[in-house]
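A.B. asks: Please find the sequence and the predicted model below.
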Amino acid sequence: MKNYSSTQHSDTKTYLIGGGIASLAAAAFLIRDADIPGHNIVILEELDRLGGSLDGAGSPRDGYVLRGGRMIESKYLCTYELFSSIPTLDGSKTVTQEIFDWNETMKTSSKSRLVRKGQRIDGPEFGLSEQHILNLERLAAEPEGMLGRSTIADEFDSSFFETNFWLMWCTTFAFQPWHSAVEFRRYLLRFTHMVAGFNHLKGIMRTVYNQYDSMVRPLQKWLEERGVRFELNTRVTDLVLHEAADRKTVERVVYVRNGVPGEIEVGEKDFVIVTLGSMTEASSLGSMDSAPVLNGKTDGGAWTLWEKLAAGRPEFGRPSVFDGHIEESKWVSFTTTQRDPTFFRLVRDLTGNVPGEGGLITFADSNWLTSIVLPHQPHFIGQPEDVNVFWGYGLFVDKPGDLVKKPMSACTGREIMTEILGHLQIESEASHILDTSICIPCMMPFITSQFLRREKGDRPEVVPKGSTNLAFTGQFCELPDDVVFTVEYSIRSAQTAVYTLLGLKREPPAVYKGQYDPRVLYKAFTTLHDLKA
């Protein structure tokens, strides 16, 4: 690992593989904290746009698309530390200040976290037995090493998965019973401070617009103004490493850009930071009248690159643990664009929440275990006033629907909307709503791959042992204590990569550990027992 003072970085180049939030954050830390000139930073992205999984695209005419949105909350210390340096697009304040100001105005307080038979359930009880609670406490106290590759289902009996607690937990965070007990444990600890308000989604924060418009675009603009180069439509296919005496040094970056192969020579003072894997890799879109197709790991470059790097190098992790179980990591999301306010009005009247206030609404009786969220409008910058956009997803995509007797994975946008309208018991207005909606489903084969059962070593360290100029970022590198499937994890990994790789005498903010606060524990304890503190 190299150790430079900031004055030595004027001719240092850094190549960032992948254009998601991890690489964008790493570029910002390189400029802000390591004094590397922006024009010496290159981001290589295989798609035609930046943002990775924090994407947002489309138009009111053709329909908007969000593959997903990550939950944020007040203890995302790395995220807010970074964005306290990044102005909003209009330059009026920092992105961090905008988020906190917005969430003072629009506080999340769900009055209908669950809907059953078309009726809202306000503040549903968790419904946990004493044995369930003891198991949760045991799991929280048990060292990760003892859990190994066990699943959540290995740690709880079947009755646990019928509780409202599990129903709300799994749909908020997208857990399945076959997912890693280690990851579930980390979530229990990381979000202990949110348990008390969980049935109302209190503490969950939102950005003013979708996360691409509110977070990615301001960060991209800041980087562009400082000369960072973005090489789009560029798939990195290999890194050529020099390996000697347990030291590994990247010498060349091999890529294909717009079908033309090329190579980049990596200099003696240069660095390479790779975002490993991708939870939205190989996604496909359907339409109102077509279902999305199921792709695989060869339909993109992220997984194949990691597999090539890890071959014969166990310190680079085991990608097959995450990319080889599509049946356990896929689900379908959908984005619906509407030119008529009827649906939003009916949902508002049912839930008692205005758009943006209520958060996730889960249909508890849904065979697909479907949830929707109606954000504050407009959700996209430039979205017309007479257009509304909402998002949803289903976890059990291979089960037949309750009204549409087909697996969600085989359904068109029209069929998905028909199922949603049925669970809301909207009948007389259903035809009109369908005629004025554009619902675009999205199949994501690897969307919960980071939750798959794993053990120590399956995810590599941010800077692997022996690496002199290579670091890993994203959801598939190892960070103690923090939780994957979050913006925070990507940004923390980027901050860790930059500070460690360049030998800076800095550290990311420590992970907040509310489980050691007696007040937090008391509130969580009483809530788990469905008692009022």
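C.D. replies: Yes, it's here.

A.B. asks: low-scoring stretches of the stretch 1-150 of the chain, by residue?
C.D. replies: Flagging of the stretch 1-150 of the chain using pLDDT under 70 yields the residue ranges 1-9.

A.B. asks: which residues in it form strands?
C.D. replies: Applying DSSP state E, counting those that start in this stretch to the stretch 1-150 of the chain gives strands spanning 14-17, 41-44, 57-59, 63-65, 72-73, 114-116, 119-121.

A.B. asks: Could you tell me which residues within stretch 85-102 count as buried?
C.D. replies: Applying a neighbour-count criterion of 16 or more other Cβ atoms under 10 Å, one finds 85, 86, 87, 88, 94, 95, 96, 98, 99, 102 buried in stretch 85-102. The C-beta positions use only the backbone N, C-alpha and C, and glycine is treated the same way.

A.B. asks: Reformat the residues you listed as a markdown table; add distance to residue 425.
C.D. replies: Converted to a markdown table, these look like this (distance: Cβ to Cβ, whole Å):
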| residue | distance to residue 425 |
| --- | --- |
| 85 | 48 |
| 86 | 44 |
| 87 | 46 |
| 88 | 41 |
| 94 | 44 |
| 95 | 40 |
| 96 | 41 |
| 98 | 38 |
| 99 | 35 |
| 102 | 33 |
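
A.B. asks: Please, where are all the helices along the stretch 1-150 of the chain?
C.D. replies: Using DSSP state H, counting those that start in this stretch, the helices found in the stretch 1-150 of the chain span residues 21-34, 77-83, 95-105, 130-141, 144-147.

A.B. asks: Buried residues of the fourth one, list them for me.
C.D. replies: Spelled out, that is helix 130-141. Buried, per 16+ other Cβ under 10 Å, within helix 130-141: 132, 135, 136, 139.

A.B. asks: Does anything pack onto the helix or strand containing residue 440? Which helices or strands?
C.D. replies: Residue 440 is located in strand 437-444, with elements delineated by DSSP states H and E. The contact analysis (3 or more Cβ pairs under 8 Å, 6 or more residues apart in numbering; DSSP states H and E) places strand 437-444 against strand 63-65, strand 284-285, strand 331-338, helix 413-423.

A.B. asks: shaky segments in this protein?
C.D. replies: In the chain (pLDDT under 70), the answer is 1-9, 533.

A.B. asks: Domain parsing of it, as residue ranges.
C.D. replies: 6-97+209-326+448-501, 115-202+513-528, 331-444 (automatic domain parsing).

A.B. asks: okay, those in JSON lines with distance to residue 106 next?
C.D. replies: Shown next, in JSON lines, are the domains of the chain (distance: least, Cβ to Cβ, whole Å):
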{"stretch": "domain 6-97+209-326+448-501", "distance to residue 106": "12"}
{"stretch": "domain 115-202+513-528", "distance to residue 106": "12"}
{"stretch": "domain 331-444", "distance to residue 106": "5"}
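
A.B. asks: Can you check which of these gets nearest to residue 109?
C.D. replies: domain 115-202+513-528 (5.4 Å; Cβ to Cβ).

A.B. asks: Between the two ends of the closest one, how far is it?
C.D. replies: Start and end residues of domain 115-202+513-528 are separated by 21 Å (Cα to Cα, to the nearest Å).

A.B. asks: related to what we said a few turns ago, now the angle from the strand holding residue 440 to strand 331-338?
C.D. replies: Going by axes from the mean of the first three to the mean of the last three Cα atoms, to 10 degrees, strand 437-444 is angled at 160 degrees with respect to strand 331-338.

A.B. asks: and the next element down the chain from strand 437-444?
C.D. replies: Following strand 437-444 in sequence order, the next helix or strand is strand 470-473 (DSSP H and E).

A.B. asks: Tell me what angle the next helix or strand after that next one forms with helix 21-34.
C.D. replies: Proceeding N to C from strand 470-473, the next assigned helix or strand is helix 487-501, under DSSP H and E. Using the same axes, to 10 degrees, the inter-axis angle of helix 487-501 relative to helix 21-34 is 40 degrees.

A.B. asks: Would you check the distance separating helix 487-501 from the middle of the chain?
C.D. replies: 15 Å (Cα atoms, centre = their mean, to the nearest Å).

A.B. asks: what do you get for stretch 506-525?
C.D. replies: Relative to the mean C-alpha coordinate of its chain, stretch 506-525 is positioned 22 Å out (Cα atoms, centre = their mean).

A.B. asks: From one end of it to the other, what's the distance?
C.D. replies: This stretch, stretch 506-525, spans 36 Å end to end (Cα to Cα).

A.B. asks: ok, and what's touching it?
C.D. replies: With Cβ atoms under 8 Å, 6 or more residues apart in numbering as the test, stretch 506-525 has contacts from 33, 75, 77-78, 81, 140, 189-190, 192-193, 195-196, 480-482, 492, 495-496, 499, 533.

A.B. asks: can you do 6 Å?
C.D. replies: 75, 77-78, 81, 189, 192-193, 195-196, 481-482, 492, 495-496, 499, 533 (Cβ atoms under 6 Å, 6 or more residues apart in numbering).

A.B. asks: Closest to residue 326 out of these?
C.D. replies: Nearest to residue 326 among the contacts of stretch 506-525: residue 482, at 25.6 Å, using Cβ to Cβ.

A.B. asks: contacting residues around the nearest residue to residue 413 once chain neighbours are set aside?
C.D. replies: Leaving aside its chain neighbours, residue 413 sits nearest to residue 439 (3.2 Å; criterion: Cβ to Cβ, 6 or more residues apart in numbering). By Cβ under 6 Å, 6+ apart, the contact list for residue 439 reads 288, 334, 336, 413, 416, 417.

A.B. asks: measure the second one to residue 411 for me?
C.D. replies: Same thing as residue 334. According to Cβ to Cβ, to the nearest Å, residue 334 stands 9 Å off from residue 411.

A.B. asks: Could you verify my assumption that residue 273 touches residue 27?
C.D. replies: No - between residue 273 and residue 27 there is no contact under Cβ atoms under 6 Å: 9.0 Å.

A.B. asks: What number of residues are in the vicinity of residue 413?
C.D. replies: By the measure other Cβ atoms under 10 Å, the count of residues near residue 413 is 25.
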